[in-house]
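# Got a predicted structure here, sequence first:
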Amino acid sequence: MGKGEDYGKIITSKPTGPDVFPAWAKDIQECEKHYQVNKKLGLSSAELENRRKIYGYNELEKHEGQSIWSLILDQFNDTLVRILLLAAVISFVLAWYECEEGGEMEITAFVEPLVIFLILIVNAIVGVWQENNAEKALEALKEIQSEQATVIRDGVKIRNLPAKELVPGDIVELKVGDKVPADMRVLELVNLTLRVEQGSLTGESEAVNKTNKLVSEDADIQGKRSMVFAGTTVVNGNCFCLVTQIGMETEIGKVHTQIHVAAQSEEDTPLKKKLNEFGEVLTMIIGVICVLVWLINVKYFLSWEYIDGWPRNFKFSFEKCTYYFQIVVALAVAAIPEGLPAVITTCLALGTRKMAQKNALVRKLPSVETLGCTTVICSDKTGTLTTNQMAVAKLVAMGIDARRLRSFRVDGTTYNPSDGKIQDWPSDGMDANLETIAKIAAICNDAGVTHSDHKFVAHGMPTEAAIKVLVEKMGLPKGSHSGGSAGSDVLCCCHWWNEYERRIVTLEFDRVRKSMGVIVNSKSGRRSLLVKGAVENLLERSSKVQLLDGTVVPLDQNSRNLISNALQDMSSGALRCLGFAYKDELPEFETYDGNDEHPSHDLLLDPSNYSSIESNLTFVGLVGLRDPPREEVHQAIEDCKAAGIRVMVVTGDNKNTAEAICCEIGVFGPTEDISSKSLTGKQFMELLDKKAYLRQSGGLLFSRAEPRHKQEIVRLLKEDGEVVAMTGDGVNDAPALKLADIGIAMGIAGTEVAREASDMVLADDNFSTIVAAVGEGRSIYNNMKAFIRLVVSFYHALEFEGFAHAQECLERHPCSLCSNFDYCL
């Protein structure tokens, strides 16, 4: 049930100052000095106990929820429910009184009060169940915490230590697949590359590279590249870290606190507010009618005589007074629509069934009518407005000479190779340059795509999976065939290339050279190096370029500028670009077959040699990838505008990418100046008048948004009288989902924390489903209002008719107390 209009304070990250040591902005020696620890030895046993007393255990607090009795009492904190409860009590007393006078007890006399009591009990059970559900979001948050850690203490490496025993200053080792047990400063990279999947906490669409170099002190959470955060996962690399925050002081601990605060500040739904107002008005009307009936009939139980102009000789009949009191009470009870809660619950239950058919799964009944009143939708970008599946949007290959490029638009928004095709593709198949691009994209690639449950699922890095899908759309070289596997193999073309040129060894990607290479052995027995990576880095290490017909010519400055301009154009369109190159002259590896005893094998053991191996490359082309918008989103946003609903995009992704997507899907117009409508979360928090900014007409975009930014946006909108629907899928979205009038979580890509904090779950993670559900909610809301008016009008008509009829009977039989009572009413 509602708890008023206190939206709660927003728990924000503590400001950097004397109380918070900004480890991300300090070098490693300063961090060791501050935490009084040596990264090689770790903490001593004695120091460990001292810190345990100061900091406690590395675990999230368990907030005590409301007691069951408190929750039950809350269900009766409602004007209409209290009126019904009073009506039930009075009906019970009157039924008892009648049975006492009649001399025998009949169960039929108690049907009305029992029905009202039953309705109130069912209503209370539903309410208690829904409010008790709110605590599950906090429990789900604990599930994503790491249970064990590898720690160095007293110079000894301790494996599988319970993560709750960590304290600030502990030295922790992280490997691929490990879940980060606390917020930690990266001290040492064992591999050249450390990548962490932290999208559920920060909203970033891809795993991010981490470093042990210090960053700016005022960096936002996404910019703290020297920190790893509790609950995130290492997807590449190995490192040693210093624990800086544990338990409730971690970023995930702050989210835990924000969810708890938001849960305490839930307010009444729009329909419930109107029903409360209706209950108060109904109470006044019933009170006036009762007083009026009492005054009209006061002459029958209170009489007097006038002597000398003054009333004298008063006569009062208690028996008649009781009789007329029964009439007044009976009229009051008759005026109360006791079936109204049952009608509302039934309407909402039917609404949830209709919404489920549209892939909107309602977790809380009142959400059905709240949707119908929505005025602002705050939507996440990744996975809601977009497919959350990387796809190649553009392929750029070399032309007939070094002064020309060819550009191909690639259709499709999923990992399904049959979804879309390449526009303006050569009718006679691939030329030599395109074949080389396809070969590199297929072999220099560790991802995979499978088809299961009617969906195409990527395994490995999403960008690599998208490139393999591109290879399938490109097809096989002229005169080649797939060996009959095309019907059963999703990536038959990629497999053909991997059989044509067998991979011998992989030069792993690292953040220094920003590329990945593979040495392959073709069927002719010749060794070659295939490389893919950041276009700028490949251009720096390339000395030649391959043309359309396979001819190799020197890469001069004009060609470099031509490729760089193409790269800039694609990047400005929010495309993530990757280049392809190869090298045929590998004298040191000409006889290498992966044998550890080969003289060149030692070169591959040291990653610092990879840049020299990947030198004097031949550049062949580049691709632009993106997380494409869903096809139906543009129309859904147009429908929102037509319905008077504003759409605001709130994402943790970077600004340029988010702006490009918003322009494409119609949040912003094609010629609209968005400089004043697109801010980062940090820029928004620095505004002097945030409410005035939010009142702007049209769409708004907030990028690089942290959990506290999202909460602040929702809180200010609600204070301004808006009914806010908030979508999200990550841990970072949970506090805002809880605070919004209706929180909408993603069913496919969403975390369990987000789903438990939400009021509704989208089975298909699609923004257009929200719009369809809002339309259904409006229909249900209007139908309920019409039905409530009908019920109230019917009850009041009966009441006035009964009042008039009873009054007529009383005037005919003023002395009969009980014989005509039932007949009159």
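Looks like it came in fine.
# Residue 337 - that's part of a helix, no?
No - assessed with DSSP: H, G, I helix; E, B strand; the rest coil, residue 337 is coil; it does not lie in a helix.
# Number of residues surrounding it?
As a burial measure, residue 337 scores 21 neighbours (other C-beta atoms under 10 Å). (C-beta placed from N, C-alpha, C; glycine too.)
# Determine which residue lies closest to the centroid of this protein.
Using C-alpha atoms, centre = their mean, the residue of the chain that lies closest to the mean C-alpha position is residue 728, 1.5 Å off.
# Okay, and the beta partners of that one?
residue 745 (DSSP bridges).
# Report pLDDT for it.
As predicted, residue 728 sits at a pLDDT of 81.
# same thing with residue 16?
39.
# that older thread, how much space between the residue nearest to the centre of the chain and residue 738?
Applying C-beta to C-beta, to the nearest Å, the value for residue 728 to residue 738 is 10 Å.
# re the thing from before, what's near enough to touch the residue nearest to the centre of the chain?
Applying C-beta atoms under 8 Å, 6 or more residues apart in numbering, one finds that residue 728 lies in contact with 380, 710, 734, 736, 737, 743, 744, 745, 746, 750, 754, 758.
# Helices of the stretch 401-550 of the chain, residue ranges please.
Here the stretch 401-550 of the chain has its helices, by DSSP state H, counting those that start in this stretch, at 432-443, 462-474, 492-500, 535-540.
# And for the first one, what's in contact with it?
The one in question is helix 432-443. Helix 432-443 is contacted from outside by 395, 397-398, 426, 430, 467-468, 470-471, 474, 477, 493-494, 497-498, 500-501, 503, 518, 520, 530-532, 546-550, 580-582, 620-621, 623, using C-beta under 8 Å, 6+ apart.
# Where strands are concerned, which of the residues you listed count?
By the criterion of DSSP state E, membership of those in strands covers 395, 397-398, 501, 503, 518, 520, 530-532, 546, 580-582, 620-621, 623.
# wait, is residue 578 part of a strand?
Yes - the assignment for residue 578, made by three-state DSSP, places it in a strand.
# Test of understanding: give the bridge partners of it.
residue 623.
# how close does it sit to residue 461?
From residue 578 to residue 461 the distance is 11 Å (C-beta to C-beta).
# Name the residue in those two with the higher neighbour count.
Between residue 578 and residue 461, counting by other C-beta under 10 Å, residue 578 is the more crowded of the two (24 against 20).
# need the contact list for the more buried one.
Counting by C-beta under 8 Å, 6+ apart, residue 578 has contacts 463, 467, 532, 533, 534, 535, 622, 623, 625.
# Ramachandran coordinates for the residue sitting furthest away from the middle of the chain?
In the chain, the residue that sits farthest from the middle, by C-alpha atoms, centre = their mean, is residue 308; the gap is 83.1 Å. Dihedral pair for residue 308: phi 60, psi 40, per degrees, to the nearest 10.
# quick one, phi psi at the nearest residue to residue 329 once chain neighbours are set aside?
Nearest residue to residue 329, sequence neighbours excluded (C-beta to C-beta, 6 or more residues apart in numbering): residue 90, at 5.4 Å. Phi and psi for residue 90, reported as degrees, to the nearest 10, are phi -60, psi -40.
# Helix or strand with the lowest mean pLDDT in the protein?
None of the helices or strands of the chain scores lower by mean pLDDT, DSSP states H and E than helix 821-824, at a mean of 41.
# one step back: next, count neighbours for the residue nearest to residue 329.
Counted with other C-beta under 10 Å, the neighbours of residue 90 add up to 17.
# and it, what does it touch?
For residue 90, the contacting residues are 329, 332, 333, by C-beta under 8 Å, 6+ apart.
# Please, which helix or strand holds the last one?
Element membership for residue 333 (DSSP states H and E) is helix 318-334.
# got the buried residues for that helix?
Residues 320-321, 323-334 are the ones in helix 318-334 that count as buried (16 or more other C-beta atoms under 10 Å).
# ok, and the closest non-adjacent residue to residue 193?
Nearest one to residue 193, counting by C-beta to C-beta, 6+ apart, is residue 510 at 4.4 Å.
# The one you found: neighbour count?
22.
# and if you look at residue 156?
Residues near residue 156, counting by other C-beta under 10 Å, number 9.
# Report the contact partners of the nearest residue to it once chain neighbours are set aside.
With C-beta to C-beta, 6+ apart as the criterion, residue 156 has its nearest non-adjacent residue at 8.0 Å, and that residue is residue 42. Listed by C-beta under 8 Å, 6+ apart, the contact partners of residue 42 are 151, 152, 153, 154, 155, 156, 170, 171.
# Please repeat the previous calculation with a cut-off of 7 Å.
Residues near residue 42 by C-beta atoms under 7 Å, 6 or more residues apart in numbering: 151, 152, 153, 154, 155, 170, 171.
# Would you mind listing the buried residues in the host helix or strand of the second one?
Taking DSSP H and E as the definition, one finds residue 152 inside strand 148-153. Of all the residues in strand 148-153, those buried under the rule 16+ other C-beta under 10 Å are 149, 150, 151, 152, 153.
# got the residues you listed as a markdown table, with distance to residue 421 and pLDDT columns?
Output for the buried residues of strand 148-153, formatted as a markdown table (distance: C-beta to C-beta, whole Å; pLDDT from 0 to 100):
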| residue | distance to residue 421 | pLDDT |
| --- | --- | --- |
| 149 | 49 | 90 |
| 150 | 49 | 92 |
| 151 | 53 | 94 |
| 152 | 55 | 93 |
| 153 | 59 | 93 |
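# Tell me the one among those nearest to residue 613.
Here the nearest of the buried residues of strand 148-153 to residue 613, counting by C-beta to C-beta, is residue 150; it sits at 32.7 Å.
# For the closest one, name its beta-bridge partners.
For residue 150, the beta-bridge partners under DSSP bridges are residue 173.
# For it, which residues are in contact?
Taking C-beta under 7 Å, 6+ apart, one finds 157, 159, 172, 173 in contact with residue 150.
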